[in-house]
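K.L.:
Okay, predicted coordinates and the sequence, questions at the end:
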Amino acid sequence: MSRLRHKRFSIGVGGDDMAVVDAASMRLLTALPLAEYLPGAASPATADWTPSLEALLAQGGVPDSAELVLTVSDAWTRYFMLVIPAGVGSLAELRMLAAGRFETLFGTPADGWELSADWKSTGRVLVCAMPARLVEVAHVIAEASHWRLRSIQPHALRLLNTFQTQIPDECWLCCFAARAVVAMLITGGEVQHVRRFPFAKAPTAEALNEMLEAEVLRAGLDMPAQLCALGMLPELPADARVGSMRLVQAKGPKIVRARPGQTAESVSLAMQGAFA
């Protein structure tokens, strides 16, 4: 059997660019600006993702029968919590409820968005929505060239899954990217609240603490004792505290060292996806 059939390539879909790396060597193969390859980029749900993915894979020299991993910027993703009412009897009903919640929160129908979650019949569940066209195009292109699409996930969810054994059961989990942070409140080992905070400049520890304190007050929640920070991290305090919270940072070989303004977001995403 050809060794190429087992070779894995990781694609990062950033807010402004795309990149592909060889997962084994972590070598950047190519990157390209989305502005030149993504028609209709202003509307994620209807944008045509075909030219950008085809150009990236062609320029990167990704061979047929390779394995692909896609990690998508949270700029293209929508996160929200769905509180499941009593009496829900089917997955179809859960999806209908999630679509209605999406429209309420974001002011647009869920048509054109793929909603995914670890669905369950009670409690609350974290739902993430990615452009359905992006997911569809990735599968179509992969099938046409006999690539195996191993996974496609948004950035914050990728981080959550990669480092789940190091994330405290009670904490704010902050997943940093180039121009935003996705903050998830973890209680009892499960996500109870989520919000994405855009920023023009990476927040200081003081600004981050104020932002999270305001959010717990707004949502009627309790401030946890720990903060777990992942992703493209800003400068964080040497004393390992953010306000009253103890700072927890993941360790090990799956950490990608990248900071906002120093590493292209797509490259950071592609490198993180290489560990999937």
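P.N.:
Ah, there it is.
K.L.:
What ranges does this structure have for its strands?
P.N.:
8-13, 17-22, 27-33, 67-72, 78-83, 113-116, 124-131, 148-154, 171-176, 180-187, 190-198, 226-231, 241-242, 245-249 (DSSP state E).
K.L.:
could I get those strands as a markdown table with mean neighbour count, distance to residue 208 and mean pLDDT?
P.N.:
For glycine as for every other residue, the C-beta is placed from the backbone atoms N, C-alpha and C. Below are those laid out as a markdown table (neighbours: other Cβ atoms under 10 Å; distance: least, Cβ to Cβ, whole Å; pLDDT from 0 to 100):
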| stretch | mean neighbour count | distance to residue 208 | mean pLDDT |
| --- | --- | --- | --- |
| strand 8-13 | 26 | 24 | 96 |
| strand 17-22 | 25 | 26 | 96 |
| strand 27-33 | 16 | 29 | 95 |
| strand 67-72 | 25 | 23 | 96 |
| strand 78-83 | 19 | 18 | 97 |
| strand 113-116 | 20 | 28 | 96 |
| strand 124-131 | 21 | 21 | 96 |
| strand 148-154 | 19 | 21 | 94 |
| strand 171-176 | 25 | 7 | 97 |
| strand 180-187 | 22 | 8 | 97 |
| strand 190-198 | 16 | 9 | 96 |
| strand 226-231 | 24 | 8 | 95 |
| strand 241-242 | 18 | 6 | 92 |
| strand 245-249 | 17 | 10 | 93 |
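K.L.:
Save those as TSV, and put in distance to residue 56 too.
P.N.:
Shown next, in TSV, are those (distance: least, Cβ to Cβ, whole Å):
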stretch	distance to residue 56
strand 8-13	7
strand 17-22	5
strand 27-33	6
strand 67-72	10
strand 78-83	24
strand 113-116	20
strand 124-131	16
strand 148-154	14
strand 171-176	24
strand 180-187	23
strand 190-198	25
strand 226-231	22
strand 241-242	37
strand 245-249	31
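K.L.:
Which among these is found nearest to residue 101?
P.N.:
Ranking these by proximity to residue 101 (Cβ to Cβ) places strand 78-83 first, at 5.4 Å.
K.L.:
State the distance from the closest residue to residue 209 other than its chain neighbours to residue 233.
P.N.:
Leaving aside its sequence neighbours, residue 209 sits nearest to residue 243 (Cβ to Cβ, 6 or more residues apart in numbering; 3.3 Å). Per Cβ to Cβ, to the nearest Å, residue 243 is found 17 Å from residue 233.
K.L.:
now swap in residue 189 and tell me
P.N.:
23 Å.
K.L.:
Looking at these two now, which is surrounded by more residues?
P.N.:
For residue 189 versus residue 233, the count of surrounding residues by other Cβ atoms under 10 Å is larger for residue 233: 18 against 10.
K.L.:
just checking, that one touches residue 175?
P.N.:
No. Using Cβ atoms under 8 Å, residue 233 makes no contact with residue 175, being 10.0 Å away.
K.L.:
what bridges to residue 229?
P.N.:
Judged by DSSP bridges, the bridge partners of residue 229 are residue 174, residue 249.
K.L.:
Check whether it really touches residue 255, as I assumed.
P.N.:
No. In this structure residue 229 lies outside contact range of residue 255 using Cβ under 8 Å: 11.3 Å.
K.L.:
End to end on stretch 144-162, go ahead and measure it.
P.N.:
End-to-end distance for stretch 144-162: 29 Å, by Cα to Cα, to the nearest Å.
K.L.:
Give me the contacts around that stretch.
P.N.:
Here stretch 144-162 makes contact (Cβ atoms under 8 Å, 6 or more residues apart in numbering) with 8, 57, 62, 64-74, 76-77, 79, 128, 130, 135, 138-139, 141-142, 167, 173, 175, 177, 182, 184, 191, 230-231, 254, 269, 272-273, 275-276.
K.L.:
Stretch 256-267 now?
P.N.:
Under Cβ under 8 Å, 6+ apart, the answer for stretch 256-267 is 12-19, 21, 28, 31, 73, 176-179, 202, 232-235, 268, 271-272.
K.L.:
For it, buried residues please.
P.N.:
Residues of stretch 256-267 classed as buried under the neighbour-count rule (16 or more other Cβ atoms under 10 Å) are 256, 258, 260, 263-267.
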